[in-house]
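Engineer: Here is a sequence with its predicted model. Questions after.
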2 protein chains.
Amino acid sequence: MNSWNAGSAKKSILDYVEKVTQPGSSSFINPEDRIAVFDNDGTLWEEKPFYAQVAFAFEKVKELAPQHPEWKATQPFKAVLENDFPFLAQLQLPDAVKILAVTHAGMTNSEFQRQVDEWLKTARNQKFGVHHTDLAYKPMLELLQYLRANEFKTYIVTGGGVEFVQQFSREVYGIPPEQVIGSAVVMNFIEKDGGYDFMRLPNIVQPIDDGAGKPVNIQRALGRPPVIAVGNSDGDLQMLQFSEASPHPSLQILIHHDDATREVVYDKGAEKILMEARNKHWTIVSMKDDFQEIFSKAA
Amino acid sequence: MNSWNAGSAKKSILDYVEKVTQPGSSSFINPEDRIAVFDNDGTLWEEKPFYAQVAFAFEKVKELAPQHPEWKATQPFKAVLENDFPFLAQLQLPDAVKILAVTHAGMTNSEFQRQVDEWLKTARNQKFGVHHTDLAYKPMLELLQYLRANEFKTYIVTGGGVEFVQQFSREVYGIPPEQVIGSAVVMNFIEKDGGYDFMRLPNIVQPIDDGAGKPVNIQRALGRPPVIAVGNSDGDLQMLQFSEASPHPSLQILIHHDDATREVVYDKGAEKILMEARNKHWTIVSMKDDFQEIFSKAA
């Protein structure tokens, strides 16, 4: 936890872990129930100016555009091709699904995984100019390691696509693909070229892994609430609430984007969780004050 | 593996594990990719005369019947109340969902878990007269332990309900709830009595975790194929096929119910997987010849 400044946030994390790992303590949690869940975008890595997966989808639309001349006059593709960010910022689900259908579906899962791998190696974040995987937050990587050293099992619970995040979770976060929970498209198991694969369809599996969908998907995957939950936006509110339902002592952590110099300042989309965090005295991490460094690699 | 008789099935398992865990061997598999998946009903425990979860549902219908006098004249409830097994053996999905709706939904998930726990402690298998959890197959418990001792991660992939199996997977099989993949009903996250819970709805999440649904759910949960897959019926065929898609050496095991004296003989519902197993030289386990003992506790 070297990249964390001394302060109340760091202290509350260290105190909690010490308390629940102390054999004989009334707060002791068996290692088998030490489960910590982390949101991804904005919690473990950078989410501005776009979610990485949205940047991936926009780049794929641009790559495919020469085969679709009609997109120049058809929304939402027109907005992507013209970088019409005001339009894209207001994108509604039916239009988002149209983009999803051509960038995340209509291909085998192996082909999708190949495209994600290639994109991760080449694409750069528009604001910071480095690869997306270099924009993991260094203090958060240390927190993941610290928890694992104390026999916590660390999970990602992302609104993003599960197959997208599984492609880099181990390399970037040390989290194996079986510890990633996320949104998904419908897939069919198929025979192909004498082997087996999946065909990805343009339909989203319900619930989307965001908001009240996160506890539902966690319960199904893990069979119980986590004891630590970490998020940064209103889409994480119910996940943090759900961790309070654990029979064990639990810890809720909110990452607050308040560093104008080194990252980006924003509370938009986090108003509800900030209010609940203050009311319930959850641990609020100030990126400005609590993070000695921000990114895993120099940005 | 003391309850396994010496023979080609036991040998093929031991040979496989030795080969893939030998450092320096060209067949070596890193521990992180040693993933073994097991069907539950008929593979890890008894599934006759009914799936345990079906017996649970029938008992719940009988418990609820006094509040529903109309059930005496309404199918499928009438058949359950009258033990009309020929009718029930032919039950179609819409009727099965009617039973599911009153026995597995319309209550909180905590209440459902409580009912499952209570039922497991009291109910007895109709043929063998002992608790269902006593009818785990002893050689299979040993196989799970043997694989874990060799750093395999063991998963259950069941057509049954994930929340049903998670209630006993650790105690009976040593498999934690987060390593159970199964069928599910739609749930909503709710606030209740100042805390949080889930309301269970009478809608089944697609795909049902059977047949071609098994590889889909495995891929989503684990991000890759398993290297060992074990099943006993046609509902496991695609799961065993999917394990062949692993880039590593893989092992497919079929449990064959051929012991008329100590268990039950049946090939019905396993015709396709038996044919594929023979064609592809998968490992076929004869319960009659390969199992020295059958059940985890005396039946």
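Structural biologist: That came through fine. Residues are numbered from 1 along each chain as shown, chains lettered A, B, ... in the order given.
Engineer: Where does the stretch 1-150 of chain A get nearest to chain B, residue-wise?
Structural biologist: When CB to the nearest CB is the measure, the stretch 1-150 of chain A has its nearest residue to chain B at residue A:32, with 6.1 Å between them. No exception for glycine: its C-beta is placed from N, CA and C like everyone else's.
Engineer: Could I get the full set of strands for chain A?
Structural biologist: If you assign secondary structure with DSSP state E, the strands in chain A sit at A:35-38, A:153-161, A:180-183, A:185-192, A:195-204, A:228-231, A:251-256, A:283-286.
Engineer: Tell me where the model's unsure across chain A.
Structural biologist: Flagging of chain A using pLDDT under 70 yields the residue ranges A:298-299.
Engineer: what about stretch A:36-56, how long is it end to end?
Structural biologist: In stretch A:36-56, first residue to last residue: 28 Å (CA to CA, to the nearest Å).
Engineer: Say whether chain B is contacted by it.
Structural biologist: No. On the criterion CB under 8 Å from any CB of the partner chain, stretch A:36-56 is out of touch with chain B, staying 11.2 Å away.
Engineer: Which residue ranges make up the domains of chain A?
Structural biologist: For chain A, automatic domain parsing gives the domain ranges A:8-47+A:130-290, A:52-122.
Engineer: Looking at those domains, which is nearest to residue B:41?
Structural biologist: Distances from residue B:41 to each of the domains of chain A were compared using CB to CB; the minimum, 18.6 Å, belongs to domain A:8-47+A:130-290.
Engineer: Mean neighbour count, the strands of chain A: which tops it?
Structural biologist: Comparing the strands of chain A by mean neighbour count (mean count of other CB atoms under 10 Å in any protein chain shown), strand A:228-231 comes out on top with a mean of 28.
Engineer: And it, what does it pack against?
Structural biologist: Secondary-structure packing of strand A:228-231 (3 or more CB pairs under 8 Å, 6 or more residues apart in numbering or on different chains; DSSP states H and E): strand A:35-38, helix A:237-243, strand A:251-256.
Engineer: Send over that strand as CSV, restricted to the C-alpha atoms.
Structural biologist: The C-alpha trace of strand A:228-231 is given here as CSV (Å, rounded to 0.1, in the frame of the first residue of the first chain):
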residue,chain,number,x,y,z
ILE,A,228,-15.8,-5.8,0.8
ALA,A,229,-17.3,-3.9,-2.0
VAL,A,230,-15.6,-1.1,-3.9
GLY,A,231,-17.1,1.2,-6.5
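Engineer: Sheet-wise, list the partners of that strand with their directions.
Structural biologist: strand A:35-38 (parallel), strand A:251-256 (parallel) (DSSP bridges).
Engineer: any chance of those strands in a markdown table, with distance to residue B:118 too?
Structural biologist: Putting those into a markdown table (distance: least, CB to CB, whole Å) gives the following:
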| stretch | distance to residue B:118 |
| --- | --- |
| strand A:35-38 | 26 |
| strand A:251-256 | 32 |
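Engineer: Nearest to residue A:196 among those strands would be which one?
Structural biologist: Shortest separation from residue A:196 across these is recorded for strand A:35-38, at 31.0 Å, computed as CB to CB.
Engineer: what's next to that closest one, contact-wise?
Structural biologist: By CB atoms under 8 Å, 6 or more residues apart in numbering or on different chains, the list of residues contacting strand A:35-38 from outside reads A:44, A:140, A:144, A:147, A:152-157, A:181, A:218, A:222, A:224, A:226-231, A:239, A:243, B:178.
Engineer: Please list the residues of the stretch 101-250 of chain A that sit near chain B.
Structural biologist: Neighbours of chain B within the stretch 101-250 of chain A, by CB under 8 Å from any CB: A:109, A:153, A:162-163, A:166, A:170, A:176-178, A:180, A:184, A:186-189, A:195-198, A:206, A:212, A:215-216, A:219-225, A:238, A:241-242, A:244-245.
Engineer: still on that earlier bit, could you dump the helices and strands packed on strand A:228-231 to TSV with distance to residue B:266?
Structural biologist: Putting the helices and strands packed on strand A:228-231 into TSV (distance: least, CB to CB, whole Å) gives the following:
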stretch	distance to residue B:266
strand A:35-38	40
helix A:237-243	43
strand A:251-256	51
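Engineer: how about the ones you listed, which one is nearest residue B:115?
Structural biologist: Evaluated with CB to CB, the helices and strands packed on strand A:228-231 place helix A:237-243 nearest to residue B:115, the distance being 21.7 Å.
Engineer: Please name every helix or strand in contact with that closest one.
Structural biologist: helix A:213-222, strand A:228-231, strand A:251-256, helix A:271-280.
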